[in-house]
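In: Got a predicted structure plus its sequence, pasted below:
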Amino acid sequence: MNIEQILRERAGEQCELCGSSENLVTTAVDDDKDDANKCVLTCGVCIEQIKNPELIEPNHWRCLNDSMWSQVGAVQVVAWRMLNNLRSEGWPQDLLDILYLDEEIQAWAEVGSQAGAESGLKHIDCNGAILSTGDTVTLTKDLTVKGANFTAKRGTAVRNISLVFDNESQIEGRINGQRIVILTKFVKKSG
Ligand SMILES: [Zn+2]
């Protein structure tokens, strides 16, 4: 079987992202077209938006609510990257917060994302340790959270942080149920 047949079988003749059966094509997640494990079957709408970020319609990607739970690593990677690109919409961040990827898949997802390759930014804590998405950090000073009207106490643990990919002095995390931006110089990596 060629790659396309393998994918069509795996996907049940449906777009692995949105479930559509229109204009299905094999799409390599990165460049490796010869390995079915590194390809996804996508419909015409999905692939057009993946290839042309300026055409992205955020609401189309609500389909990731389901497909991000795919057992296929390549699908998880595409879902994670798209959710990351759309984080500012709010709901994608909520999905990212509950999406758990195996370490290996997470690393794959990050390598090709804007967070990694393009920016080349390094997020560094107060001790010079490199921070990664998913890390747990503790606050090294009391922080007043603007607009939220509370102070996050020194020593507060913030789990499952994400990196602000265009600003290496900032990370994001949840404190008291609120998603806030925290300066990397005021955190220490745990563990
Ligand atoms: Zn699709």
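Out: Received the coordinates, thanks.
In: all contacts plus neighbour counts: C-alpha atoms, from now on.
Out: Fine.
In: Could you list the contact residues of the protein toward the ion?
Out: Residues of the chain lying close to the ion (Cα under 5 Å from the ion) are 15, 18, 43, 46.
In: Enumerate every residue touching the last one.
Out: Contacts here follow Cα atoms under 8 Å, 6 or more residues apart in numbering; on that basis residue 46 touches 17, 18.
In: Please tell me I have it right and residue 129 contacts residue 187.
Out: No - judged on Cα atoms under 8 Å, residue 129 makes no contact with residue 187 at a distance of 10.2 Å.
In: Neighbour count: the two, which is higher?
Out: Higher neighbour count among residue 129 and residue 187: residue 187, with 25 against 12, using other Cα atoms under 10 Å.
In: what sits against the closest residue to that one other than its chain neighbours?
Out: Closest residue to residue 187 in three dimensions, ignoring its sequence neighbours and counting by Cα to Cα, 6 or more residues apart in numbering: residue 139, at 4.6 Å. Going by Cα under 8 Å, 6+ apart, residue 139 touches 153, 154, 155, 156, 157, 158, 186, 187, 188.
In: how about TSV for the residues of the chain next to the ion, with pLDDT, distance to residue 24 and secondary structure added?
Out: Output for those, formatted as TSV (pLDDT from 0 to 100; distance: Cα to Cα, whole Å; DSSP: H, G, I helix; E, B strand; the rest coil):
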residue	pLDDT	distance to residue 24	secondary structure
15	98	7	coil
18	98	11	coil
43	98	4	coil
46	97	10	helix
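In: Most neighbours among those residues, please name it.
Out: Using other Cα under 10 Å as the neighbour test, the residues of the chain next to the ion are led by residue 15, with 26 neighbours.
In: so what's it closest to, chain neighbours aside?
Out: Among residues not flanking residue 15 along the chain, residue 42 sits closest, at 4.4 Å (Cα to Cα, 6+ apart).
In: Next, count neighbours for the one you found.
Out: Neighbours around residue 42, by other Cα under 10 Å: 29.
In: so how far is stretch 147-167 from its chain's centroid?
Out: A distance of 18 Å separates the centroid of the chain from that of stretch 147-167, by Cα atoms, centre = their mean, to the nearest Å.
In: I would like the residues contacting it, please.
Out: The contact list for stretch 147-167 (Cα under 8 Å, 6+ apart) reads 97, 114-116, 119, 121, 123, 131-145, 170-175.
In: hmm, 6 Å instead?
Out: Identification of contacts with stretch 147-167 by Cα atoms under 6 Å, 6 or more residues apart in numbering yields 115, 133-145, 170-173.
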